[in-house]
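Trainee: below is the sequence, then the predicted model.
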Amino acid sequence: QVQLVESGGGLVQAGGSLRLSCAASGRTFSSYAMGWFRQAPGKEREFVAAISWSGTGTYYADSVKGRITISRDNAKNTVYLQMNSLKPEDTAVYYCAASGSYSTSEYEYDYWGQGTQVTVSS
């Protein structure tokens, strides 16, 4: 069992930056691949980024590539999402999730956080 708690969301102007954190409970954090997803109002949840168990592998959605970086610190049981050059279309609730598979599919993720709101004003 893994419990995930996101933090770091907020209101930012277009072009600004935010760093989201996701703290995980449990001693097996390093055995899970981690992902970030987001859901905008009226839209389905979509994949943003994923990172492998060791952190050596990362994958990004085309819409965020070059602007967003996923990283993890297994000693701190934490995964991060550094978001730069934010756009109004990045506005969404951002969720972190844990999976036994390094995947872009939300159906592969077994544990989810409660989400943190990111709002980008124009």
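Mentor: Yep, it's here.

Trainee: so how far is Val48 from the most centrally placed residue in the chain?
Mentor: The C-alpha lying nearest the average C-alpha coordinate of the chain belongs to Trp36 (C-alpha atoms, centre = their mean; 2.5 Å). Per C-beta to C-beta, to the nearest Å, Trp36 is found 4 Å from Val48. No exception for glycine: its C-beta is placed from N, CA and C like everyone else's.

Trainee: list the contacts of stretch 97-109.
Mentor: Residues outside stretch 97-109 that contact it (C-beta atoms under 8 Å, 6 or more residues apart in numbering): 2, 4, 24, 29, 31-37, 45, 47, 50, 52-53, 57, 59, 61, 110-113.

Trainee: again, only using 6 Å
Mentor: Surrounding stretch 97-109, the residues in contact under the criterion C-beta atoms under 6 Å, 6 or more residues apart in numbering are Val2, Tyr32, Ala33, Met34, Gly35, Phe37, Phe47, Ala50, Ser52, Tyr111, Trp112.

Trainee: what of stretch 62-72?
Mentor: By C-beta under 6 Å, 6+ apart, stretch 62-72 touches Val48, Ala49, Ile51, Gly55, Thr58, Val79, Tyr80, Leu81, Gln82, Met83, Asn84, Ser85.
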